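*Asks:* The following comprises the amino acid sequence and a computationally predicted model.
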Amino acid sequence: MSNNAAGEPPIPDLQFSDFPEDVQLCILSFLTPPEISPFACTSKRFLTLCRTDSKLWFSLCDRRWGSKTQIAKWGSGLISFKHLYRTLQEYENLIGFWRLSSSPRTQINTPNSTPIKPPALVFFEWGQSFITGSRVLPSENGGYDVVKLPFLWMGISPKGEIVNFLQPNSGLKLDSNSIKLCEMGSGEGELVCVDVNCMGDSHIVIEERVAFGGLRNNGNGNGNGNGVEGSGSPLDRLTSEMYQYFANRTSPGGERAWRRQRRREREKQGNKKWESEHFVKIVNYCPTSSRPLQGLWKGICEDTNLDFYLVAYDDIGGIACRRIGDSCKPFSSYAPVFWTSNTTFIESPFSSEEEHIYETREHLLPPGDMLCSEMESVSRILYINSSYDLVLPGLAGPTSVNPHQVEGRIWEYGDGTFGFGFLRDNHIIDLKHIAMDGRLLDAIQPL
């Protein structure tokens, strides 16, 4: 733009090539690889710039994940940033909460371990140069604290191979020294090499393998192909077994060969330290302004123990709440803790009847805790109920007066949390957030 009218010299027009290289890299870091490809074709200079791994691909990784992890330490700093970008792009979908969708048999099978049932909630987060998966379970101290048990480590070896290690025994400590020993094959066998197979964007399978683990996407074919060849998904194994069965039935001596193969597979299964687990991603684990009740919550139940709840909005506007621990039980998807098809809140002032219902009920709180003023102030009320019309009789539980319909209330407090209770009971279960802004709240380390 010319400033001759003001008596000043005109400002020359600047092109992208006139900017310093660090400014160019900063601008290009906002682009995606498909957008960079046509840009690299505009000149030989930009082609050279885009092919320089330590410049452009480092800027892309640093822009996207530099505030979450130390990208220069992945693979001990010996891998290309282009390979790192493709790997972290797949790992990024793992960050957040997942729930166990199947109930495996007891996992731990080592001499120094005690058989336990794995918790149903898992939290993936960024580490310095790896992804950490931790099991999250309620604490036993009678409060709202949650125990965080790291059990899975996902990283990249200096050779660029994707490696995943899992500790079946929650009493072991997953550190860099034990991981390095396992990578070199000189470990004590306490860590298990596993595959993390992605069946689409919202379903993963963690299963043991003999070689190093990898992250492969079997749902849409978008895996990076850099992992070591492994054991594949359950669907792949089923297809292979069907083919092998019919091939052996039509070949001489095939029946005996098929029996020998099945016997070898059973022996191999008996030596496994880890049984495959399936997890489903919890996409919306925090509330929003339009959906204030959705997300992961924790509350003290009737038995004075802490329990986890998942509140979800469906496509037709209804709300359903289920216990996280019930996701592995039969028919659990049909038995919500509460649900409602009408999400219209009742605003204050409330009727004398509603005030009586709230004031005559006791809040279930940890021993010694007092009800805060924000929770005493109810901002809105929502009607809820539980219906078991489509479920087998008996799933409602022995405490239900009417197994077909139970009326209740949700009381939303001034701090954004809420409590719920049913008219048949004389108590209110107050719920608090499990996580906020991608961070686990009230987390403590196991003793």
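*Replies:* Cool, the structure landed. Numbering: from 1, shown residues only.
*Asks:* To which secondary structure element is the nearest residue to D437 once chain neighbours are set aside assigned?
*Replies:* Spatial nearest neighbour of D437, chain neighbours left out: C286 (7.6 Å); criterion: C-beta to C-beta, 6 or more residues apart in numbering. Placement of C-beta: from N, CA and C, glycine included. Per DSSP states H and E, C286 falls between elements, in no helix or strand.
*Asks:* my read: C286 touches W297, true?
*Replies:* No - with contact defined as C-beta atoms under 8 Å, C286 and W297 do not form a contacting pair (10.4 Å).
*Asks:* So which of those two has more stuff around it?
*Replies:* W297 (24 against 16; other C-beta atoms under 10 Å).
*Asks:* which residues do C286 and W297 both contact?
*Replies:* H433 (C-beta atoms under 8 Å, 6 or more residues apart in numbering).
*Asks:* What are the buried residues along the helix or strand hosting S379?
*Replies:* Assessed by DSSP H and E, S379 sits inside strand 378-386. Residues of strand 378-386 classed as buried by neighbour count (16 or more other C-beta atoms under 10 Å): 378, 380-382, 384-386.
*Asks:* next structured bit after it?
*Replies:* Strand 378-386 is succeeded, C-terminally, by strand 406-413 (DSSP H and E).
*Asks:* Can you give me the buried ones in that next one?
*Replies:* 406, 408-413.
*Asks:* Dump those into a markdown table; add pLDDT and distance to F151 as well.
*Replies:* Listed next are the buried residues of strand 406-413 as a markdown table, based on pLDDT from 0 to 100; distance: C-beta to C-beta, whole Å:
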| residue | pLDDT | distance to F151 |
| --- | --- | --- |
| V406 | 76 | 38 |
| G408 | 92 | 36 |
| R409 | 93 | 39 |
| I410 | 94 | 34 |
| W411 | 95 | 37 |
| E412 | 94 | 35 |
| Y413 | 92 | 35 |
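*Asks:* Tell me how far the closest residue to R380 other than its chain neighbours lies from P292.
*Replies:* Leaving out its chain neighbours, the residue that sits closest to R380 by C-beta to C-beta, 6+ apart is F345, at 3.9 Å. From F345 across to P292, the span is 9 Å (C-beta to C-beta, to the nearest Å).
*Asks:* shared neighbours of these two, anything?
*Replies:* Common neighbours of F345 and P292, using C-beta under 8 Å, 6+ apart, are E412.
*Asks:* In stretch 10-24, which residues are buried?
*Replies:* Q24.
*Asks:* pLDDT on it, on average?
*Replies:* Confidence for stretch 10-24, expressed as mean pLDDT, is 82.
*Asks:* What segments of the stretch 301-447 of the chain are strands?
*Replies:* Using DSSP state E, counting those that start in this stretch, the strands of the stretch 301-447 of the chain run over residues 306-313, 319-323, 338-340, 346-347, 362-364, 378-386, 406-413, 418-422, 427-433, 435-436, 439-440, 443-444.
*Asks:* Now render the ones you listed as CSV, adding distance to E161.
*Replies:* What follows is these, written out as CSV (distance: least, C-beta to C-beta, whole Å):
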stretch, distance to E161
strand 306-313, 36
strand 319-323, 39
strand 338-340, 47
strand 346-347, 58
strand 362-364, 50
strand 378-386, 50
strand 406-413, 50
strand 418-422, 47
strand 427-433, 38
strand 435-436, 32
strand 439-440, 30
strand 443-444, 31
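*Asks:* Burial check on G66, number of neighbours?
*Replies:* The burial count for G66: 14, using other C-beta under 10 Å.
*Asks:* Likewise for E359?
*Replies:* E359: 9 neighbours (other C-beta under 10 Å).
*Asks:* Please report how far the residue nearest to D437 lies from D195.
*Replies:* 30 Å.
*Asks:* just W339 next, same as before
*Replies:* W339 is 37 Å from D195, by C-beta to C-beta.
*Asks:* Counting neighbours, go ahead and name the busier of the two.
*Replies:* A direct count of neighbours by other C-beta under 10 Å for W339 and D195 places D195 higher, at 25 against 17.
*Asks:* per-residue confidence for the more buried one?
*Replies:* 89.
*Asks:* Was I right to think it contacts E207?
*Replies:* Yes - counting by C-beta under 8 Å, D195 sits close enough to E207 to count as a contact (5.4 Å).
*Asks:* Helix or strand with the lowest mean pLDDT in the chain?
*Replies:* Least confident helix or strand, the chain: strand 215-217 with a mean of 51, by mean pLDDT, DSSP states H and E.
*Asks:* and the strand or helix carrying L84, C-alpha only, in CSV?
*Replies:* Assigned by DSSP H and E, L84 belongs to helix 81-91. The C-alpha coordinates for helix 81-91 follow below in CSV (Å, rounded to 0.1, in the frame of the first residue of the first chain):
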residue,chain,number,x,y,z
PHE,A,81,10.5,-36.4,12.4
LYS,A,82,8.5,-37.5,9.3
HIS,A,83,8.1,-41.0,10.8
LEU,A,84,7.5,-39.4,14.2
TYR,A,85,4.7,-37.2,12.8
ARG,A,86,2.9,-40.2,11.2
THR,A,87,3.2,-42.2,14.4
LEU,A,88,2.0,-39.5,16.8
GLN,A,89,-0.9,-38.8,14.5
GLU,A,90,-2.2,-42.3,15.2
TYR,A,91,-1.3,-42.2,18.9
